[in-house]
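Participant: got a sequence here, can you build the structure:
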Amino acid sequence: MQEEFIRGVRELHKATRPHVDYVKDFERRAENDPKGCAEEALREIMTGAAKLRRAFREAFDVGFEQAFEDTFYVTSDKRYAVRENATLPDHPVAREFFLLWLYWLHFHRLTLGFFLRCLRASGGPHEGHARSMCACFVRHQHASWFAYLMVADDIAEQFPEQSVKQALVEQFTAYFVVHTSLHTNKR
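Facilitator: Numbers count the residues shown, from 1 in each chain. Next up is the predicted model:
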């Protein structure tokens, strides 16, 4: 059991290596070319959001905005929670993907909203805005896996399935290994 767990964590760590290398490379390039990297970040977020929206509509035959409004409400402490009367897919895997994609799309929407505020700044965007966009993109990349895992954990608590919990523990462990390496290993 323990060997399987370690093997699972190592496989996840190895699978994320190209992405980690990309984020490190992006950070280095952003120091010298913030404008070019800000444009790249904007393209990445817009492309990712468009692909997710398309896949969501194809999978569930509803648009993201409508599904988000129908599924979530804002709590008194300003957090999103699933409505008790939300219409969710019956199949557990479909339900998990439905909720994960909604959270994921919302995460992209928040990042894109920040980018648009920078681009629409009075006096036009400047190098400081480009650097802010680059920093936001890096934080988005660092946080996206963790955000995914937190959402998956919330979903697993609402709709418990034992196999999902084991996979989440492996994924959280791999995330912390990768996150630690991002901040300690400068290639």
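Participant: contacts and neighbour counts: CA atoms only from here.
Facilitator: Noted.
Participant: so where does His19 fall, helix or strand?
Facilitator: Element membership for His19 (DSSP states H and E) is helix 2-32.
Participant: what is that helix packed up against?
Facilitator: helix 34-60, helix 127-158, helix 162-184 (3 or more C-alpha pairs under 8 Å, 6 or more residues apart in numbering; DSSP states H and E).
Participant: which of those helices has the lowest mean pLDDT?
Facilitator: For the helices and strands packed on helix 2-32, mean pLDDT drops lowest on helix 162-184, to a mean of 62.
Participant: spatially central residue for this structure, please.
Facilitator: Centroid check for the chain by C-alpha atoms, centre = their mean gives Ser144 as the closest residue, at 2.9 Å.
Participant: tell me, how many neighbours does the nearest residue to Arg53 once chain neighbours are set aside end up with?
Facilitator: Sequence neighbours aside, Phe64 is the residue nearest to Arg53 in space, at 6.3 Å (criterion: C-alpha to C-alpha, 6 or more residues apart in numbering). Other residues near Phe64 come to 20 when the count uses other C-alpha atoms under 10 Å.
Participant: contact partners for Phe64?
Facilitator: By C-alpha atoms under 8 Å, 6 or more residues apart in numbering, the contact set of Phe64 is Arg53, Phe56, Arg57, Leu102, Leu105.
Participant: quick one: it from Glu3, how far?
Facilitator: Counting by C-alpha to C-alpha, to the nearest Å, the separation of Phe64 from Glu3 is 40 Å.
Participant: same question for Val74.
Facilitator: Counting by C-alpha to C-alpha, the gap from Val74 to Glu3 is 42 Å.
Participant: neighbour count: these two, which is higher?
Facilitator: More neighbours surround Val74 than the other of Val74 and Glu3, with 11 against 8 (other C-alpha under 10 Å).
Participant: may I have the phi/psi pair for the more buried one?
Facilitator: phi -90, psi 130 (degrees, to the nearest 10).
Participant: name the nearest residue to it, ignoring sequence neighbours.
Facilitator: Nearest one to Val74, counting by C-alpha to C-alpha, 6+ apart, is Tyr80 at 4.7 Å.
Participant: what of Phe137?
Facilitator: Of all residues not flanking Phe137 in the chain, Ala41 sits nearest, at 6.0 Å (C-alpha to C-alpha, 6+ apart).
Participant: what's the burial count for that neighbour?
Facilitator: There are 22 residues near Ala41, going by other C-alpha under 10 Å.
Participant: was I right about it contacting Arg139?
Facilitator: No. Ala41 is not in contact with Arg139 according to C-alpha atoms under 8 Å; the separation is 11.4 Å.
Participant: next, Asp77: secondary structure please.
Facilitator: For Asp77, the assignment made with DSSP: H, G, I helix; E, B strand; the rest coil gives coil.
Participant: what is the burial count for it?
Facilitator: 6.
Participant: distance of it from Phe107?
Facilitator: With distances taken as C-alpha to C-alpha, Asp77 is found 18 Å from Phe107.
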